[in-house]
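Chemist: I would like the atomic coordinates for the input below:
(chains A and B)
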There are 2 protein chains.
Amino acid sequence: MNEHTKPRLEVCLSPALLHLFDVKNSIVVIIDVLRATSTICTALYNGAAKVIPVATVEECVSIGKQLNAITAGERDGKIADGLLHGNSPFEYPREFIGGNVLVLTTTNGTKLLHMAKDAIQIVTGSFPNISSVCEYLISQGQNVILGCAAWKDRVNMEDTLFAGAVVSRIKAHFDVNCDSALAAETLYHSAKEDLFSFMKQASHFQRLAKYGLEEDIKYCLTMDGANVLPILRNGELVVEK
Amino acid sequence: MNEHTKPRLEVCLSPALLHLFDVKNSIVVIIDVLRATSTICTALYNGAAKVIPVATVEECVSIGKQLNAITAGERDGKIADGLLHGNSPFEYPREFIGGNVLVLTTTNGTKLLHMAKDAIQIVTGSFPNISSVCEYLISQGQNVILGCAAWKDRVNMEDTLFAGAVVSRIKAHFDVNCDSALAAETLYHSAKEDLFSFMKQASHFQRLAKYGLEEDIKYCLTMDGANVLPILRNGELVVEK
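Modeler: Coordinates of the predicted model:
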């Protein structure tokens, strides 16, 4: 394949930069490693019928009632008032989530998802489903934007590292002319021998560790523990058979 | 000094993210490595009386006439219509610029400079004056934002690398709770053995190399070739004695 016929691969480090990218002509991968997109693929891997991402606790409660679904979401590290479950992937084992609908409200990830609504396609990515994401992106032959959910628009380490891991795996299939992609990939190579130790320096690690979530973080940095591809169809994340 | 009494050190990777930072209570370092801030310190090092940064070619022409100054600036890699000089640091040797005023229009750097106008103080940073910048920041004991000018708001490699180099030198004096700072520093450590080769992968390198500017790039990646501190006073960059 000629260099100039390859699709583009780019990394957007924060939702506040998404307007710089050609979302409409790209597949967008939503990345919210700690913990929304890790939990989404885990719930689907464990048999959830679908995951409905919503922006607010109110929507979460109201859609949950309509669909008799499991409602989940946190604010400031605690289960939000009116919801029953939190953001930890460990809350969604097969015996609990299998066959059920999960309505999940997260701040950073859901915001980015709505911002990317004009994309060719939206999927969610995290270390637990990295192989599915990479295979899908290669198979589609479309431009790709790896969209980091970040933390209140601030660039964060974990989403950047995941974007870098994807770049490192799939770049041969794409035209990569994007310094953020190069930076993310270089960062990933510096950190990959021990992602967990590397992440101990990061701001989000320190926030979550305060809540006793080191096991969550370890899981969220481990590859292919829940290797399915959540794809957005009519506002719902599903796994297509 | 107690950890919690140290001032903050943060990195802002793009002007489009500057609103997330507390500019008013910080010193802001404007970073536009290729080539505005490298050229600014070079002109001042070589004896320019001052450098006046302006946003548009029109302002550049008009202020240049008023002050009988040297006007400089490029658009799309060529000297802009109406101006006499370009952005290369090699255009400003002592015998030419000594004692003169340089009015310089650049897009990315000047934009960020205006956005940061409420800062405690604005200085400009680049590899040719890295030691002056670091000594100054340590001496002031104030919060610091390393502000990358980026490329049309897109995160770029060279400004990120410089920010990382500064973080690596001065972090012991600051409280660094900023993933962008950690990312930039890690990136710098990956690249520092041969910044020039590393930069060959970057998008701006490819843009400038097309114009035959590899020597400019080498100079702009070399430390302390023009080691003075440009500091903004009443809209003008000067070196204080």
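Chemist: Show me which residues of chain A sit near chain B.
Modeler: A:13-14, A:16-17, A:20, A:151-157, A:160, A:177-180, A:182-183, A:186-187, A:189-191, A:201-204, A:206 (C-beta under 8 Å from any C-beta of the partner chain). C-beta here means a position set from N, CA and C on the backbone, and glycine is covered the same way.
Chemist: Can you list which of the residues you listed are found in strands?
Modeler: The strands, defined by DSSP state E, take in nothing from those.
Chemist: Restricted to buried residues, select the residues you listed in ChimeraX.
Modeler: Entered in ChimeraX, the line below selects the buried ones among the residues of chain A next to chain B, by 16 or more other C-beta atoms under 10 Å in any protein chain shown:
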select /A:13,14,16,17,20,151,153,154,155,156,157,160,178,179,180,182,183,186,187,190,191,201,202,203,204
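Chemist: and the helix or strand of chain A with the lowest mean pLDDT, how far out from the chain's middle?
Modeler: In chain A, no helix or strand scores lower on mean pLDDT, DSSP states H and E than helix A:203-210, which sits at a mean of 80. Computed by C-alpha atoms, centre = their mean, to the nearest Å, the chain-centroid distance of helix A:203-210 equals 18 Å.
Chemist: now for it, which elements pack on it?
Modeler: The helices and strands touching helix A:203-210, judged by 3 or more C-beta pairs under 8 Å, 6 or more residues apart in numbering or on different chains; DSSP states H and E, are helix A:157-170, helix A:214-220.
Chemist: Which one of the ones you listed has the poorest average confidence?
Modeler: Between these, the one with the least mean pLDDT is helix A:214-220; it has a mean of 94.
Chemist: What residues sit buried inside that one?
Modeler: A:216-217, A:219-220.
Chemist: Relative to A:Thr37, which of those is nearest.
Modeler: A:Cys220 (9.0 Å; C-beta to C-beta).
Chemist: Leaving out sequence neighbours, find the closest residue to that closest one.
Modeler: A:Ser38 (4.2 Å; C-beta to C-beta, 6 or more residues apart in numbering or on different chains).
Chemist: In contact with that neighbour, which residues are there?
Modeler: Contact analysis of A:Ser38 by C-beta atoms under 8 Å, 6 or more residues apart in numbering or on different chains lists A:32, A:89, A:126-128, A:219-220, A:226.
Chemist: all strands in chain A, in order from the N-terminus.
Modeler: Under DSSP E, chain A gives strands at A:9-12, A:26-31, A:50-54, A:70-75, A:78-79, A:101-105, A:121-125, A:143-148, A:231-233, A:236-238.
Chemist: just to revisit the earlier point, can I get the least confident helix or strand of chain A as PDB, trimmed to CA atoms?
Modeler: Extracted C-alpha coordinates of helix A:203-210, given in PDB (Å, rounded to 0.1, in the frame of the first residue of the first chain):
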ATOM      1  CA  SER A 203      -2.200  12.500  39.400                       C
ATOM      2  CA  HIS A 204      -5.200  10.200  38.900                       C
ATOM      3  CA  PHE A 205      -3.400   7.300  40.600                       C
ATOM      4  CA  GLN A 206      -3.000   9.400  43.700                       C
ATOM      5  CA  ARG A 207      -6.700  10.400  43.600                       C
ATOM      6  CA  LEU A 208      -7.800   6.800  43.300                       C
ATOM      7  CA  ALA A 209      -5.300   5.200  45.600                       C
ATOM      8  CA  LYS A 210      -6.800   7.400  48.300                       C
END
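Chemist: relative orientation of that helix and helix A:157-170 in degrees?
Modeler: 120 degrees (axes from the mean of the first three to the mean of the last three C-alpha atoms, to 10 degrees).
Chemist: what does helix A:203-210 rub up against?
Modeler: By C-beta under 8 Å, 6+ apart, helix A:203-210 touches A:34, A:77, A:151, A:156-158, A:199, A:214, A:216-217, B:177-179.
Chemist: how about these, which pair is most distant?
Modeler: Taking C-beta to C-beta, the two most distant members of the contacts of helix A:203-210 are A:Asp216 and B:Cys178; they sit 22.6 Å apart.
Chemist: who does A:Asn143 bridge with?
Modeler: Taking DSSP bridges as the rule, A:Asn143 bridges to A:Ser26.
Chemist: Could you check how far it is from A:Arg169?
Modeler: A:Asn143 sits 17 Å away from A:Arg169, going by C-beta to C-beta, to the nearest Å.
Chemist: So between those two, which is more surrounded?
Modeler: A:Asn143 (22 against 18; other C-beta atoms under 10 Å in any protein chain shown).
Chemist: and that one, what does it touch?
Modeler: With C-beta under 8 Å, 6+ apart, A:Asn143 has these contacts: A:7-10, A:22, A:25-27, A:120.
Chemist: Skipping adjacent residues, who's closest to A:Leu221 in space?
Modeler: Distance criterion C-beta to C-beta, 6+ apart; nearest residue to A:Leu221, sequence neighbours excluded, is A:Leu195 at 4.4 Å.
Chemist: Ok, A:Asp159 next?
Modeler: A:Cys148 (3.6 Å).
Chemist: can you pull the pLDDT of the one you found?
Modeler: For A:Cys148, the model assigns a pLDDT of 98.
Chemist: Show me what it is bridged to.
Modeler: A:Ile31.
Chemist: rewinding a little: now pLDDT and neighbour count too, for the contacts of A:Asn143, in TSV please.
Modeler: TSV is the format used below for those (pLDDT from 0 to 100; neighbours: other C-beta atoms under 10 Å in any protein chain shown):
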residue	pLDDT	neighbour count
A:Pro7	98	17
A:Arg8	98	18
A:Leu9	98	23
A:Glu10	98	24
A:Asp22	98	11
A:Asn25	98	14
A:Ser26	98	24
A:Ile27	98	22
A:Ile120	98	14
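Chemist: From B:Val155, how far off is A:Val11?
Modeler: Separation of A:Val11 from B:Val155 (C-beta to C-beta) stands at 9 Å.
Chemist: if I look at those two, which residues touch both of them?
Modeler: A:180, A:183.
Chemist: quick one: A:Ala202 and B:Asp179 touch, right?
Modeler: Yes - the criterion here is C-beta atoms under 8 Å, and A:Ala202 meets it with B:Asp179 at 5.4 Å.
Chemist: Any stretches of chain A with poor pLDDT?
Modeler: Chain A contains residues with pLDDT under 70 at A:1-4.
Chemist: Just the terminal-to-terminal distance for stretch A:101-121.
Modeler: Using C-alpha to C-alpha, to the nearest Å, the end-to-end distance of stretch A:101-121 comes out at 21 Å.
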